[in-house]
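Trainee: sequence plus the predicted model coming up.
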Amino acid sequence: MSSAEPPVLPPPPAHRAAPPTGVPGPPASVVVVGAGLAGAQTVGALRRRGYAGRVTVLGAEGVPPYDRPPLSKELLSRPSPAWLADDLGVDVEDLADEVRLQDPAVQLVRRRASDGGAWEVTTASGDRLTADSVVLAVGSAPVRPDGWEQATLLHTAQDAAALRAALHPGLRLVIVGAGWIGAELAGVAVRAGAHVTVLEAADAPLRRQLGPVVGAHLSPWYAAVGAELVTGVAVAQVRPDGVRLADGRELSADLVLAAVGARPATDWLDGAVPRDPRGSIPVDTTGAVPGLDGLWAVGDCATREHPLLGAVPGGHWSAALHDPDATVAALLGDDEVGTGHAPYVFSQQLGHDLALFGVPAEGDIVLFRGDPTGGATGHDGWAAFYLAPGAHSGSTSGDGTTADGSPAADGGPEHRSIEVRAVLLVDSPRDVGPVRKAMNRTGRLRVNLDAALDPTRRLRDALA
């Protein structure tokens, strides 16, 4: 796997028996819609917790579950998918009663109890499956704007195989989007000898995910590896031979790759399940869809309530890995469901390792540990701490300035503990474990700023 995580244990030899239909207790049958990480973890959790009822898995790609992050991070170094049966020990074909890896769900209908089942799932083949409970783990789909049919995407193992075959020295590659995928692919393509140009409509890479202050410090990374980054300009047209920008400029390319984001793959649920404007399914802290008994959602397709963080949108790898266990616990009526975990995103891009814990918000105050400007060509680790507006007045970064670069009022950080909304670690592998452990305890993190912003002191000593 791309991140060290405890392996998922195989199911115990003795399974909990499902009660007869109509008797209160665990459902007699479960359909898991989606055969990615969240779907596989759901099946694994069902069997690990002793569920002996019927489990059906519906997939869309025609291949067993695999981990998606290596598709971009390890595009060239890992030519075959990171199969979850090998990496996590979760083999859905062994654990589930029926596995349809190329028969995705196309319709969901809630049935009356008198009709023999709580839910009916219609598949692409036309079959209708009934189940007492349905877990939606359908993930996300890449955004391809209208008129961009000539742009390549990277979302599936098949996409990765096609891109891997296309990369060669001298290839003129234009990547539209400087988010997680765009940045990771830029570094991989440069190492393959391609001439890479990355176009970003915002004023900085990863602006939406990390904010403008931090994003600005990532811009020099592109030139440092030999890629060109163009910010603040939109793409007006994608053609087979390149792109035309909104300002009239033309860029020639042998290959254009769109990496402008992803949205929950939930369009097929129109009229059946409430969704927000992004298409995400709002769920409670357990993953249950409010008002629809027996329906659950996990992973990228869900916006999950966290007991302390509030509504957390999907898209975090950690959500697909960890949330299914709590969801299955609630589905089975187990007493201990868990309190949630801090969202976690990791990235390997342009020669740097990033780990983001929590969810930064627009307008957050950003304080730095170490010098983020020194990491463009070197590997000096640094960190960014995100604080809610008003949480800290007159605070300084490691270089004696506030987040906007203005001189600090007191010339140094305050000596007190303060709550941090999110933490970004850059090239700081020894700090990943302590920060993740501390943040997962409650979902929030308190730090002593005096120690946290001093790179000569151990970060773990600053964690409350």
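Mentor: Thanks, I have the structure now.
Trainee: mind listing what's buried along the lowest-mean-pLDDT helix or strand in the chain?
Mentor: Among the helices and strands of the chain, strand 310-313 carries the lowest confidence by mean pLDDT, DSSP states H and E, at a mean of 85. The neighbour-count check on strand 310-313 (16 or more other Cβ atoms under 10 Å) flags 312-313 as buried. The C-beta positions use only the backbone N, C-alpha and C, and glycine is treated the same way.
Trainee: helix or strand right after it?
Mentor: Downstream of strand 310-313, the next assigned helix or strand under DSSP states H and E is helix 317-332.
Trainee: hmm, who's touching the helix or strand Leu229 falls within?
Mentor: When elements are assigned from DSSP H and E, Leu229 belongs to strand 228-231. For strand 228-231, the external contacting residues (Cβ atoms under 8 Å, 6 or more residues apart in numbering) are 178, 196-205, 219, 222-223.
Trainee: buried among those residues? Need that as a selection in ChimeraX.
Mentor: To isolate the buried subset of those in ChimeraX, counting by 16+ other Cβ under 10 Å, use the following:
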select :178,196,197,198,199,200,201,202,204,205,219,222
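Trainee: pLDDT, secondary structure and distance to Leu425 added to the contacts of strand 228-231, as a markdown table?
Mentor: Formatted as a markdown table, these follow (pLDDT from 0 to 100; DSSP: H, G, I helix; E, B strand; the rest coil; distance: Cβ to Cβ, whole Å):
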| residue | pLDDT | secondary structure | distance to Leu425 |
| --- | --- | --- | --- |
| Ala178 | 97 | coil | 20 |
| Val196 | 98 | strand | 26 |
| Thr197 | 98 | strand | 29 |
| Val198 | 98 | strand | 23 |
| Leu199 | 98 | strand | 28 |
| Glu200 | 97 | strand | 23 |
| Ala201 | 96 | coil | 27 |
| Ala202 | 95 | coil | 23 |
| Asp203 | 95 | coil | 24 |
| Ala204 | 96 | coil | 19 |
| Pro205 | 97 | coil | 17 |
| Ser219 | 96 | coil | 19 |
| Tyr222 | 97 | helix | 20 |
| Ala223 | 97 | helix | 23 |
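Trainee: just give me the closest of the contacts of strand 228-231 to Ala28.
Mentor: Ala178 (48.7 Å; Cβ to Cβ).
Trainee: distance of the closest one relative to Leu185?
Mentor: To Leu185, Ala178 is 10 Å away according to Cβ to Cβ, to the nearest Å.
Trainee: what does Glu228 give?
Mentor: 14 Å.
Trainee: partner strands of the least confident helix or strand of the chain, with direction?
Mentor: strand 302-306 (antiparallel) (DSSP bridges).
Trainee: quick one: mean pLDDT for the partner strand?
Mentor: For strand 302-306, mean pLDDT rounds to 91.
Trainee: does Leu163 touch Leu154 like I think?
Mentor: Yes: using Cβ atoms under 8 Å, Leu163 is in contact with Leu154, at 5.9 Å.
Trainee: and the helix or strand harbouring Val243, C-alpha only, in PDB?
Mentor: Element membership for Val243, per DSSP H and E: strand 242-245. Presented in PDB, the C-alpha positions along strand 242-245 are these (Å, rounded to 0.1, in the frame of the first residue of the first chain):
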ATOM      1  CA  GLY A 242      -3.400  20.900 -27.600                       C
ATOM      2  CA  VAL A 243      -5.500  23.500 -25.800                       C
ATOM      3  CA  ARG A 244      -6.600  27.100 -26.200                       C
ATOM      4  CA  LEU A 245      -6.600  29.200 -23.100                       C
END
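Trainee: which element follows that strand toward the C-terminus?
Mentor: Next element after strand 242-245 (DSSP H and E): strand 250-252.
Trainee: leaving out sequence neighbours, find the closest residue to Thr285.
Mentor: Once flanking residues are discounted, Thr285 sits nearest to Glu305: 4.9 Å by Cβ to Cβ, 6 or more residues apart in numbering.
Trainee: which residues does the one you found bridge with?
Mentor: Bridge pairing for Glu305 - DSSP bridges - gives Ala311.
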